[in-house]
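A.B. asks: got a predicted structure here, sequence first:
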Amino acid sequence: MRLGRDFFERDVLLCARELIGCEMVLGECRGRIVETEAYAELGDEACHTFMRESTRQFIANHSAGTAYVYQNYGIHWLFNVLTKGPSGNGFVLVRALAPLEGIVTMRRRRGVDGEKNLCSGPGKLTVAMGFGREFHGKDICQPGGVELVFGKGEVESDVRIGISRAKEKPWRFLERASPWVSVKPKKTGATS
DNA sequence: ACACGGATACTA
DNA sequence: AGTATCCGTGTC
């Protein structure tokens, strides 16, 4: 069952947590989401909205469930989903997948053998799945492009990875004991 | 450990 | 214009 707009019209922390266990489908490739991070429009210095007017405009001009895709370090495309909840707006960064289908294609795109290294990072999974800048601004609640399918997972939380500000927020969510995540959690938080 | 790479937002 | 920074990866 494809996630509808109502799923993303909730608090970003809830969306990020509940996306663990859901599946991401694009073309022939499919994977289970095992790692996400939440970024809040307000009160979160690590969110792009803290520095970028263009990101604040993106939120104003798009609805919940829209893909926010941007390039980091001039190399890596990172895939986020816009959320708009009653307590504020935000983005969920998808950081790792457990590959389920289209693994031959993923290997070809990534240029590696094995499976553990295919989607174990936000930049890796966009290559494996075939995401590029053309997905920026696309509505993922509509048929035709990337699809997120509801699923359940056991969740643990940890601090976010690779940021320089607001490092203390425990806003990274992972499938418990998953071998598919980018970095194993150090401080393990509450389960769900 | 470090190089790689480009968009964005600053300073002047 | 130039500079600093950035939600990373692969290879050294």
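C.D. replies: Right, received. Where do you want to start? Predicted, not measured: the structure shown is a model, and the values here were computed from it.

A.B. asks: hey, let's count contacts and neighbours off CA atoms from now on
C.D. replies: Will do.

A.B. asks: centroid-nearest residue for chain A?
C.D. replies: The residue lying closest to the centre of chain A (C-alpha atoms, centre = their mean) is residue A:94, at 1.6 Å.

A.B. asks: contacting residues around it?
C.D. replies: Residue A:94 makes contacts with A:33, A:35-37, A:78-80, A:122, as judged by C-alpha atoms under 8 Å, 6 or more residues apart in numbering.

A.B. asks: and the pLDDT for the most far-flung residue of chain A relative to its centre?
C.D. replies: For chain A, the residue at maximal distance from the C-alpha centroid (C-alpha atoms, centre = their mean) is residue A:113, at 23.8 Å. The score at residue A:113 is 92. That number is its pLDDT.

A.B. asks: need the buried ones from the contacts of residue A:94 selected in ChimeraX.
C.D. replies: In ChimeraX syntax, the buried subset of the contacts of residue A:94 is picked out as below (16 or more other C-alpha atoms under 10 Å):
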select /A:33,35,36,37,78,79,80,122
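
A.B. asks: show me which of the contacts of residue A:94 is closest to DNA strand C.
C.D. replies: Set against DNA strand C, the nearest of those by C-alpha to the nearest atom of the strand is residue A:122 (4.1 Å).

A.B. asks: which neighbours does the biggest strand by length in chain A have in its sheet, and in what orientation?
C.D. replies: Longest strand in chain A by number of residues (criterion: DSSP state E): strand A:88-101. Using DSSP bridges, the strands paired with strand A:88-101 are strand A:29-40 (antiparallel), strand A:76-85 (antiparallel).
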